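In: sequence below, structure please.
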Amino acid sequence: MTSPAQQVNLPGILYALDTAYQQRWIDKHEAELRQGAADREAALHRARQAIAEGV
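Out: Presented below is the predicted three-dimensional model:
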């Protein structure tokens, strides 16, 4: 039998791997994410202007 200190913390390992993968994905695609957010913000601004002008 193993002691608690020798047992593998599988949920902790999986969480660490998942977090690392997510951060790597975000780092790789950050420019795309920021551009998409900027595009949505610009579209929202245009829509608000059109509504204000009654178009």
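
In: what are the ranges of the helices in this structure?
Out: Along the chain, counting by DSSP state H, helices occupy 10-53.

In: for it, which residues score under the pLDDT cut-off?
Out: Residue ranges of the chain with pLDDT under 70: 1-2, 4-5.

In: and stretch 34-49, how far out from the chain middle?
Out: Put simply, stretch 34-49 sits 19 Å off its chain's centre (C-alpha atoms, centre = their mean, to the nearest Å).

In: who are the contact partners of the residue nearest the centre of the chain?
Out: Compute the mean C-alpha point of the chain, and by C-alpha atoms, centre = their mean the closest residue is I26, 6.0 Å away. Contacts here follow C-beta atoms under 8 Å, 6 or more residues apart in numbering; on that basis I26 touches L33. C-beta: built from backbone N, CA, C; applies to glycine.

In: what do you get for I13?
Out: Taking C-beta under 8 Å, 6+ apart, we find I13 in contact with no residue.

In: what's the separation between it and L44?
Out: Distance, I13 to L44, by C-beta to C-beta, to the nearest Å: 41 Å.

In: and for L17?
Out: With distances taken as C-beta to C-beta, L17 is found 37 Å from L44.

In: over to I51?
Out: Between I51 and L44 the distance is 11 Å, computed by C-beta to C-beta.

In: ok, A20 next?
Out: 34 Å.

In: equivalent analysis for H29, please.
Out: Distance, H29 to L44, using C-beta to C-beta: 22 Å.

In: what does I26 give?
Out: Distance, I26 to L44, by C-beta to C-beta: 23 Å.

In: and A52, by the same measure?
Out: 13 Å.

In: so what's A50 up against?
Out: A50 makes no contacts at all, as judged by C-beta under 8 Å, 6+ apart.
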